[in-house]
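Asks: Got a predicted model here, sequence first, then my questions.
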Amino acid sequence: MLKKYIEEKRKEKDILLMTHIVIGYPDYESSFKIVEAMVEAGVDIMELQIPFSEPLADGPVILKANQKSLELGTTVKKSIEFGREMAKKYDIPFLYMSYYNILYKYGVTDFAKEMDASGLKGAIVPDLPPEEGDEYITSMKNLNLSPIYIYSPNTTDDRMKYISSFANGFIYCVARKGVTGSDTEFSDDITTYLERCRNATDLPLAVGFGVKDKKDIDFLKGKADIAVIGSETIRLVESVGVSAIKPFIEGLR
Amino acid sequence: MLKKYIEEKRKEKDILLMTHIVIGYPDYESSFKIVEAMVEAGVDIMELQIPFSEPLADGPVILKANQKSLELGTTVKKSIEFGREMAKKYDIPFLYMSYYNILYKYGVTDFAKEMDASGLKGAIVPDLPPEEGDEYITSMKNLNLSPIYIYSPNTTDDRMKYISSFANGFIYCVARKGVTGSDTEFSDDITTYLERCRNATDLPLAVGFGVKDKKDIDFLKGKADIAVIGSETIRLVESVGVSAIKPFIEGLR
Amino acid sequence: MQKKKGYFGDFGGAFLPEILISTFDELEHEYLKARHDPAFFEEYKNLMSTYSCRPTPLTYAENMTKKLGGAKIYIKREDLNHTGAHKANNVMGQGLLVKRMGKKRVIAETGAGQHGVATATMAAKFGFDCTIYMGEVDVKRQRPNVFWMERLGATVIPVKEGTRILKDAINEAFRDWVSNMDSTHYVLGTACGPYPFPEMVSYFQSVIGMEAREQILEREGKLPKSVYACVGGGSNAMGIFSGFMDDPVELIGVEAGGKGIDTEYHASRLCADDASVGVAQGYKTYFIQDDEGQMKETHSISAGLDYVGVSPILSDLHEKKRVRFEAAIDDEVIEAMDLTMRNEGVIPALESAHAFVTAYKEAPSMKKSDSIIINQSGRGDKDIFTVADAFEDPEWRSFIKEKAGEYGA
Amino acid sequence: MQKKKGYFGDFGGAFLPEILISTFDELEHEYLKARHDPAFFEEYKNLMSTYSCRPTPLTYAENMTKKLGGAKIYIKREDLNHTGAHKANNVMGQGLLVKRMGKKRVIAETGAGQHGVATATMAAKFGFDCTIYMGEVDVKRQRPNVFWMERLGATVIPVKEGTRILKDAINEAFRDWVSNMDSTHYVLGTACGPYPFPEMVSYFQSVIGMEAREQILEREGKLPKSVYACVGGGSNAMGIFSGFMDDPVELIGVEAGGKGIDTEYHASRLCADDASVGVAQGYKTYFIQDDEGQMKETHSISAGLDYVGVSPILSDLHEKKRVRFEAAIDDEVIEAMDLTMRNEGVIPALESAHAFVTAYKEAPSMKKSDSIIINQSGRGDKDIFTVADAFEDPEWRSFIKEKAGEYGA
Ligand SMILES: Cc1ncc(COP(=O)(O)O)c(C=O)c1O
Ligand SMILES: Cc1ncc(COP(=O)(O)O)c(C=O)c1O
């Protein structure tokens, strides 16, 4: 499924692109247009973030986007409608990204069923380590959905293996400490780190946090399967507008 | 001598009047005029208060007069000059009233000598009980000056006698608790109190604190030898002017 | 799959981003090592008795007892701690752990400012760098505390995100931590957050209950009937309750009822209907949230109780009915504070005054031979701006206006 | 002639208006009776350990010790007393005497406001009516304390006479007393005034020195080399010194040097040339006065040291050279306060910070094996308005302006 899709795509491209939006930011209508632009620009996978009032792992850019979206009235219900529509309309895998409380309050099993019914392929829940994720892991597995897990530079080799045993689709390797949205210096340290990741799992590797231009992506080629663009596109929408998205992404690869 | 003067005068009048000024208040010139008016009005004895920065036993009216006088530049030296001039010019006994620190810093013995040389007859030092007054008592005695002591309503009979043994001239009986300048209700309690005073000493009795009009003075006739008018004349100078002093005092007896 | 750790009944856990897992492993390791080292608690107690004022006294509130005519009222005086609240107990304990971990920087969130002042103090004492996150709303409510934190050498960062109060300061502190965990320890201020914080903070605060139990037995020869504590995150409550957990003593936690638990303006997680179980800020407990899991705004006259979550240990004790929870509304709090100041000469913090409200309501119907303890978690000096407003003190207002004039307003 | 009582060498006495003689007789009688009653000091100590936080800790100032590189510096923590200063010791003691005398009203003067808050607190606790006299200048400097006195149920009367500071408040309190002595006790706040006050206040404060001596012996196994205390009226100094009076320990009292003892702006009675022996406020001691005996204006950044007289007992110990006196100027005080906050995490009152100045000057030249004790007479929270001005804190200013705006300035 997701893993297979990635492996297939990788035969065509030396690196895939995953992009991210916060549903309902800068407003609900624009979200449609942004996804459209990204898909047209050739993005391979997309994260749709369901906004949450306490986005602990996010930096100022995405944090503000979460808050604004909620203020404008984005609900979980509306977000799921949005996800369903996107998955129907576009032929790439969509993933939800959100915090655990959103799933917990929805009902974890129900949430997974809803994802499945909507045609989404998996989810990234950064505050749900495998130790706390029994129900989540089981219901995702039952429906062949991918729970995407995260590696970080201070994750030990053992723990990488442990995490990999619950993961599916791919592993999200955060490139550095900190929250989303700050620059990362892509250097030898990251190469070593990604080698450790590579050795710990058979799953494809996505790298995110601070990936923002062609140079970063070139660096990742051959070291990872997917480059993740997060806050940068939000910044672009804020400073230039939705129209800037397509050329920006086209310029990345 | 002071005692004898009082006894002589009492043969002519059923009560004597003692008045009070704060030297240098409302200003140095006015002090001359106030004394003149008081003497002309037939006052029998006068207290000249040398202003002090901490007049603990005085109420708001005299307190303010002390402060104002000091602000205007009244010094101890100038006060003594003033006293000397008054004693020379007018044929009634003058007393100093001040706080002990003024005497202490001047030198207690020197102060007594100065008083004697200036023609003053005695002093009232309300914060110097006999227990603390060795040097004062001795030097006043040596020069035949009168240390005026105070009785208060809560002074015991024994203590009245004790105090009388150091006193000379007359005893100053304060009519009530409190500081100078508030009203006193002249009632049976005061009659009883003054009887106690009378029994404790052979000295003439002056009554002060709150004596302010003819009614009060009439009450004291036959019970005391001297009525003391304190804050009331200061109030009068403030509200009407120096010219009001003479008619006021003439109306008291 | 590993056995789940850090749970109290159905509550607690550690819902951590991967980046913090190793930091928490280290913290847990150090905490458990210290906890099993008998010398550690001795070191801790020694520090608290030479730097702060432990044991704090248990004061008999004779006048209020007579006035109310029921149980004898005792007050546990955490206000006499150095820096003016129970927060010092936790902070100094964590300070010792930071030393053991060899870290050189501490960060903290603060609501009332008491935890911030305590942390800045500890940092000055131990020679750590210090950054304090504080919601912008609380910066205003508790300006004197901000001033002292800065004077103590800390950097205070006003948090302008979210509802701009305690929960948002916690989020920001976590955001700092995920960037700087190698050098930095996050001194969480209450018995909340991911394991081991709820347990660890309660452990340090348990010194309150240990002392109080000993003191009341010495004074009364028997256990109290009830023990009252206010509940923000729950650390002072856990602190005093833990001394009586195995005794036949009723334990009452008092939450911030704000303008009423039927209104939108309160911070009652366990008494009010608009709270439910959820997972946020790294742990599972009752939160004030909507049906979809978005946290709601809270309100309390006291910054320190103005929090959306509550200790998972208390949620568990609530479900198990070992602790009873009540709410006190703002107006009652001011009244209880006023009564306590005028009759006993002690000034409870607005937070602590919540516990007094319920205690004063319940004491009259108890027997004269009964006794109760109220935990006075902190002193009210810090609340001068809030209290002056509550009492609408005209002289205070003109003083402030005059002062502003001097500053060229 | 009676033998003179209440003298310490050539200083002290009781220069009272006749109206107060019997009141002082009663007070002396009650005080001496209590002092000779062993149960009384037990009652006092019990009150102080259950209502305030006695014994207060002795804190080792490790960082400042290392920084200065000389004697080990210990701080006696009177700031941890209930109400935030040593003033509580005296006030609670006098409160017990008032109960014994059956009086129902207390009055007091206050400079820094600490003695006023302590008295208002005691009055609330014992159920007395309470009036506090406070110079108008001090009302402004110490507004928070005024606020709390009022909240504790006291009436605060701003004194507009004279220099409008501490000495004028004392005068006004005496004026009240001579009108109301039957119902009222005047709780003098320092070791000054007519006998028995200097001795009685020192007696209650001696608890500081007793504890400190025991604590330092326990910690260091030997006596300290020197003991430092700030000197306003002299009560905290007498309190700690009395524990070491018969020991080979150097005792240093630090007066307020203001803008310099060579200027017009200071409050140094024993170090400066413009002070001399005199009699005022009912007792004989060194006063800052002119040649004719008029008291002069004094100045200190700290309201509590801004006083024209000094304890007669200290004047005597000065003449006998048993206590050495030094002056600390305003700028040094702020610096010592800053150092202490940043390095030790304790906030001395501006008054107390004077003692730190001299201790910090002298510690470096002592041996590492020596130790010294500084008496931290109170905490600096109360000084927030003064300290914020001294540090010219811009954020504090804009906060105050904003607040004034809310009040419609
Ligand atoms: C004095 C005081 N009491 C209580 C609290 C509430 O915290 P907790 O419930 O953790 O004791 C605070 C928090 O700032 C506080 O400052
Ligand atoms: C904290 C503190 N220290 C010292 C003093 C000075 O008084 P004393 O010299 O009597 O200790 C005061 C007086 O208000 C004070 O508040």
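Replies: Structure received. Numbering: from 1, shown residues only, chains lettered A, B, ... in the order given. Ligands and ions are numbered 1, 2, ... in the order given.
Asks: where does A:T19 land in three-state SS?
Replies: strand (DSSP: H, G, I helix; E, B strand; the rest coil).
Asks: near chain D, which residues of chain A show up?
Replies: Residues of chain A lying close to chain D (Cβ under 8 Å from any Cβ of the partner chain): none. Just so you know, the C-beta spots here come from the backbone N, C-alpha and C atoms, and that holds for glycine as well.
Asks: can you point me to the longest helix in chain C?
Replies: helix C:197-220 (DSSP state H).
Asks: Tell me the first helix or strand C-terminal of that helix.
Replies: strand C:226-230 (DSSP states H and E).
Asks: Export only the CA atoms of the helix or strand that comes right after that next one, formatted as CSV.
Replies: Per DSSP H and E, the first helix or strand lying C-terminal to strand C:226-230 is helix C:235-241. What follows is helix C:235-241 as a C-alpha-only set of coordinates in CSV (Å, rounded to 0.1, in the frame of the first residue of the first chain):
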residue,chain,number,x,y,z
SER,C,235,0.7,19.9,43.5
ASN,C,236,-0.1,21.5,46.9
ALA,C,237,-3.2,19.3,47.2
MET,C,238,-1.2,16.2,46.4
GLY,C,239,1.4,17.4,48.8
ILE,C,240,-0.8,17.7,51.8
PHE,C,241,-3.2,14.8,50.9
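Asks: Show me what helix C:235-241 is packed up against.
Replies: On a contact count with 3 or more Cβ pairs under 8 Å, 6 or more residues apart in numbering or on different chains; DSSP states H and E, helix C:235-241 meets helix C:87-101, helix C:197-220, strand C:226-230, strand C:250-258, helix C:312-319, strand C:371-376.
Asks: Now for the nearest residue to C:G69 once chain neighbours are set aside, how many residues are close by?
Replies: Ranked by Cβ to Cβ, 6 or more residues apart in numbering or on different chains and with sequence neighbours excluded, the top spatial neighbour of C:G69 is C:P364, at 5.8 Å. For C:P364, the neighbour count with other Cβ atoms under 10 Å in any protein chain shown is 11.
Asks: same thing with C:K67?
Replies: Based on other Cβ under 10 Å, the number of other residues close to C:K67 is 14.
Asks: try the one 3 residues further on
Replies: The local packing count at C:G70 equals 17, with neighbours defined by other Cβ under 10 Å.
Asks: Are we agreed that it is in a helix?
Replies: No - read with three-state DSSP, C:G70 is coil and lies in no helix.
Asks: mean confidence for the helix or strand hosting A:Y136?
Replies: Assigned by DSSP H and E, A:Y136 belongs to helix A:134-142. The average pLDDT for helix A:134-142 rounds to 97.
Asks: tell me what that helix is packed against?
Replies: Right, helix A:134-142 is packed against helix A:108-118, strand A:146-151 by 3+ Cβ pairs under 8 Å, 6+ apart.
Asks: Looking at these, which is nearest to C:S371?
Replies: Taking Cβ to Cβ, helix A:108-118 is the member of the helices and strands packed on helix A:134-142 nearest to C:S371, at 47.6 Å.
Asks: Tell me if the closest one is near chain C.
Replies: No - judged by Cβ under 8 Å from any Cβ, helix A:108-118 stays clear of chain C, getting no closer than 10.6 Å.
Asks: Only alpha carbons, please: show stretch C:353-365 as PDB.
Replies: Taking Å, rounded to 0.1, in the frame of the first residue of the first chain, the C-alpha atoms of stretch C:353-365 are listed here in PDB:
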ATOM      1  CA  ALA C 353      -8.300  31.300  49.600                       C
ATOM      2  CA  HIS C 354     -10.300  28.800  47.500                       C
ATOM      3  CA  ALA C 355      -9.600  26.100  50.000                       C
ATOM      4  CA  PHE C 356     -10.700  28.400  52.800                       C
ATOM      5  CA  VAL C 357     -14.100  29.000  51.100                       C
ATOM      6  CA  THR C 358     -15.100  25.300  51.300                       C
ATOM      7  CA  ALA C 359     -13.500  24.800  54.700                       C
ATOM      8  CA  TYR C 360     -15.500  27.700  56.200                       C
ATOM      9  CA  LYS C 361     -18.600  26.400  54.600                       C
ATOM     10  CA  GLU C 362     -18.200  22.900  56.100                       C
ATOM     11  CA  ALA C 363     -16.600  23.600  59.500                       C
ATOM     12  CA  PRO C 364     -19.700  24.900  61.200                       C
ATOM     13  CA  SER C 365     -21.500  21.600  60.800                       C
END
